[in-house]
Structures are given as structure tokens and as C-alpha cells.
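> Predicted model, plus sequence, below.
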Amino acid sequence: MPDRLYTHGLRSGLVLLALILAGGATEQVAADPPPTGSFAFSFAADLPGSPDAMYDALTGDISGWWDHTMSGAPLALVIEPRPGGRFLETFDDSGDGVVHATVTYARRGEKLQMVGPLGLAGHAIHMVTTWELAPLDGGRSRLTVTVHASGEIHPGWDQVVEATWHHFIDERFVPWVTAGEPGTKR
């Protein structure tokens, strides 16, 4: 009996192989490889509070100042400021959502580093985003944003990503935190 099962299995395998070779079992779809490359940029913004206070405002619930989401109106938008923490968008009460990045380095008041595609989810891109805070006179601080990306990079993405980060920090976060709104949702 084992020889019969072996012979049947061998025959089935040969039939499958013949179908594959003849093109009958699967159809190959040609796909152009995506463009590849890399980019990096860095910029700084002066903030109205201490590095610890600004770190706290940049992390945790960021829905008060972050305005680009996949769901349109997420239930939660959070950066968990700890190694292994997530930049998580929860869509609804069912728990559906997306992890935009994973925190790889967290030191309150000094530095937060995340790895993930952020708004480029679904593309073969490796992006490292670093926020560094340094104290300034008068209880203020300086935030330096640095981004390094490599992998699937389409023409113009470098400018789009940099402009988007300027939007988040210069146009959203700085006015929000200057108005004293940490802890409020948008």
C-alpha cells in the first residue's frame, strides 16, 4: 500500500509540474520593478517649552496636531514613546488600524527614533525618522527632525516627504503647542 500511495503522489506531482511548465496551472504577470534610491534631509524648529514638555507633546495622543491619517477620522492616533512602541492609528472600536512606524529609540526629552513607512505604507521603503530635542535659553527647546529613506523611491517623493514633515512640525505642531493645547484633540 505505501508503494501505491508513493506512486500516486509521484504521478500527481508530475501532472502538476507538467501543468506549471505548460502554463496551465498559473499565469505569470509581468511587473515592472519599482524605482529604487534613497534620500535624507534634516531641519530644525524652535519650540516654546522644555525638552521634556515638548517630548511629551510630540508623543502619546498626537491627534491634536497630526492631520494625515489613513482612516480620515481615527478613533486613536498615538505614538508610544518606548522601545518597541508603535505609531498607531486605530480606525474604530473593532481594533482595525495601521502601525505607521515602530519606535526603536526613546529617551524622554532628548530623542525619539522610529522606523516605518509612515504615509508610504504598502511600498518597499525603509524610513528612519529621528526627533532630537535640545534645550535653549528661556525654557525653550530646539527640535531637529532627520529622515533617512531607502528602497522604493519614486521621483519627487523626497520633496513630498520633506514638505509633509515641514507641514507637521512648522504648520501644525508649533502653532498647536504654542497655543498651549497639549492634551486636546483636533
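Cool, got the structure. Residues are numbered from 1 along each chain as shown.

> need the strands for the protein, in chain order.
36-47, 60-61, 76-79, 86-90, 97-107, 111-115, 125-135, 141-152 (DSSP state E).

> Walk me through which strands the shortest one pairs with, and which way each runs.
Strand 60-61 has its sheet partners listed here by DSSP bridges as strand 76-79 (antiparallel).

> do the last one as well
In its sheet, strand 141-152 lies beside strand 36-47 (antiparallel), strand 125-135 (antiparallel), with partners assigned from DSSP bridges.

> What residues of the first one count as buried?
Using 16 or more other CB atoms under 10 Å as the burial criterion, the residues of strand 36-47 that qualify are L47. All C-beta atoms are positioned from the backbone trio N, CA, C, and that covers glycine.

> just stretch 147-163 next, same as before
Applying a neighbour-count criterion of 16+ other CB under 10 Å, one finds 147, 149, 151-153, 157-158, 161-162 buried in stretch 147-163.

> Could you check how far Y105 is from F173?
For Y105, the distance to F173 (CB to CB, to the nearest Å) stands at 20 Å.

> can you put the strands paired with strand 141-152 in a markdown table and add distance to G119 and mean pLDDT?
Formatted as a markdown table, the strands paired with strand 141-152 follow (distance: least, CB to CB, whole Å; pLDDT from 0 to 100):
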| stretch | distance to G119 | mean pLDDT |
| --- | --- | --- |
| strand 36-47 | 15 | 97 |
| strand 125-135 | 10 | 97 |
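
> I'd like those as a markdown table, with distance to D92 appended.
Listed next are these as a markdown table, based on distance: least, CB to CB, whole Å:
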| stretch | distance to D92 |
| --- | --- |
| strand 36-47 | 33 |
| strand 125-135 | 26 |
